[in-house]
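Let's see this in three dimensions:
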Amino acid sequence: MNSVLVVGGTGKVGRKVVADLTVAGVRTRALVRDPAAAGLPPEVEVVRGDLAEPGSLAAAADGVDSVLLIWPFHDTGNAERAVRALSGPDRRLVYLSSTTVNDEGPQSDLIPLLHAEMEAVVEAHASEWTVLRADTLASNALSWAGQIRAGAVVRGFAVAPSAVVHEGDVAAVAARLLTEPGHAGRKYLVTGPRVVGRAEQVEAIGAALGRELRFEAQPVGVARESMTAAGLPVHLIEVLLSMAEFRPPSELVTSVVADLTGRPARDIRDWAAEHAAAFR
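Residues are numbered from 1 along each chain as shown. Have a look, this model is predicted:
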């Protein structure tokens with residue numbers, strides 16, 4: 001495969017996928033809503049399109065060998081139309097999903113429920129597909145930057161610990177799934193090297209900054225009030241808080257990063273050291 005369309009190429013994972021593909025010499029196209037604001041390397045072909053407008057997708061995918069789909073919505077809405085438009089008889093669709101999806105029974109909360117529904121759409125309507133299930137992205141911690149700059153305590157709702165994964169490792173795996181043969185019809189679970197909770201994530205950021213930081217868990221009701229006051233959409237608040245209320249602890253740790261990239265998954269301490277400037 002020698003040409004890839006990245007849908008979501010300006011996001012935290014998508015931008016790194018674009019960078020990895022470009023460095024590898026892969027012809028890369030990025031679908032964005034505003035090409036003028038994309039800020040991508042000049043060698044990347046930037047095309048305008050919007051998943052909310054499936055009619056804009058077929059032309060964007062024309063001529064590419066594979067597509068990375070990062071779904072930004074909290075429902076499946078027009079997912080079938082979008083998947084059909086992005087797919088082709090000789091084109092692989094790689095969907096970025098979540099390790100929280102439960103193949104054996106009901107989903108624990110609204111996030112795996114959405115991804116399970118999206119996986120079903122992809123499997124039903126993409127001619128060739130691969131699913132990349134990622135654990136909690138380390139980059140989610142960037143939402144704490146304001147609190148860390150202002151003080152020594154990060155307040156938020158608690159979530160069951162999991163093997164938090166560096167978004168760059170997810171991107172590195174995605175780049176291989178998009179460009180290598182042998183991945184069709186498979187599902188890959190990508191995690192960090194060990195299970196950590198939010199308190200340990202905050203401590204790692206503090207160590208990178210040379211400061212003592214701590215995480216203070218808020219009751220769900222208090223967290224809901226804080227997010228409402230901050231102006232977050234009601235549905236997004238409920239999606240996020242469903243993690244706090246219903247997600248079970250996870251002990252899942254996989255070797256997929258090492259298996260596909262040849263190097264071990266990076267630890268949360270590595271991520272914190274790389275991103276310390278974002279918290280200063």
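
Quick one: list the elements packing against the lengthiest helix in the chain.
Criterion DSSP state H: the longest helix present in the chain is helix 110-125. Applying 3 or more C-beta pairs under 8 Å, 6 or more residues apart in numbering; DSSP states H and E, one finds that helix 110-125 contacts helix 79-86, strand 92-98, strand 128-134, helix 234-246. Just so you know, the C-beta spots here come from the backbone N, C-alpha and C atoms, and that holds for glycine as well.

Could you check the angle that helix makes with strand 128-134?
170 degrees (axes from the mean of the first three to the mean of the last three C-alpha atoms, to 10 degrees).

Convert the C-alpha atoms of helix 110-125 to PDB, please.
Only the C-alpha atoms of helix 110-125 are listed here, as PDB (Å, rounded to 0.1, in the frame of the first residue of the first chain):
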ATOM      1  CA  LEU A 110     -21.400   4.900  26.900                       C
ATOM      2  CA  ILE A 111     -17.900   5.000  25.400                       C
ATOM      3  CA  PRO A 112     -17.500   1.300  24.700                       C
ATOM      4  CA  LEU A 113     -21.200   1.200  23.600                       C
ATOM      5  CA  LEU A 114     -20.500   3.800  20.900                       C
ATOM      6  CA  HIS A 115     -17.300   2.000  19.800                       C
ATOM      7  CA  ALA A 116     -19.000  -1.400  19.700                       C
ATOM      8  CA  GLU A 117     -21.800   0.100  17.500                       C
ATOM      9  CA  MET A 118     -19.200   1.700  15.200                       C
ATOM     10  CA  GLU A 119     -17.200  -1.500  14.900                       C
ATOM     11  CA  ALA A 120     -20.400  -3.300  13.800                       C
ATOM     12  CA  VAL A 121     -21.000  -0.600  11.200                       C
ATOM     13  CA  VAL A 122     -17.400  -0.900   9.900                       C
ATOM     14  CA  GLU A 123     -17.500  -4.700   9.800                       C
ATOM     15  CA  ALA A 124     -20.800  -4.700   7.900                       C
ATOM     16  CA  HIS A 125     -20.100  -2.000   5.400                       C
END
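
Now find how far off-centre it is within its chain.
Relative to its parent chain, helix 110-125 has a centroid offset of 15 Å by C-alpha atoms, centre = their mean, to the nearest Å.

mean confidence for it?
On average, the pLDDT along helix 110-125 is 97.

got the buried residues for it?
By 16 or more other C-beta atoms under 10 Å, the buried positions in helix 110-125 come out as 110-119, 121-122, 125.

Could you do stretch 42-54 as well?
Applying 16+ other C-beta under 10 Å to stretch 42-54 flags 44, 46-47, 49-51, 54 as buried.

what sits up against that stretch?
Residues outside stretch 42-54 that contact it (C-beta atoms under 8 Å, 6 or more residues apart in numbering) are 7, 9, 18, 22, 27-35, 38, 40, 56-57, 59-60, 71-73, 77-78, 81-82, 84-85.

first vs last residue of it, how far apart are they?
With C-alpha to C-alpha, to the nearest Å applied, stretch 42-54 spans 26 Å between its terminal residues.

What of stretch 8-27?
Stretch 8-27 has an end-to-end distance of 16 Å (C-alpha to C-alpha).

ok so, going back, and for the longest helix of the chain, what are the contacting residues?
69, 71, 74-76, 79-80, 83-84, 87, 93, 95, 97-98, 100-102, 107, 129, 131, 133, 187, 238-239, 242-243.

Only the buried subset of these, as a PyMOL command please.
In PyMOL syntax, the buried subset of the contacts of helix 110-125 is picked out as below (16+ other C-beta under 10 Å):
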select buried, resi 69+71+76+79+83+84+87+93+95+97+98+100+101+107+129+131+133+187+238+239+242+243
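
circling back to that earlier point, can you lay out the helices and strands packed on helix 110-125 as JSON lines showing distance to L252 and mean pLDDT?
Shown next, in JSON lines, are the helices and strands packed on helix 110-125 (distance: least, C-beta to C-beta, whole Å; pLDDT from 0 to 100):
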{"stretch": "helix 79-86", "distance to L252": "26", "mean pLDDT": "96"}
{"stretch": "strand 92-98", "distance to L252": "11", "mean pLDDT": "98"}
{"stretch": "strand 128-134", "distance to L252": "10", "mean pLDDT": "98"}
{"stretch": "helix 234-246", "distance to L252": "16", "mean pLDDT": "91"}
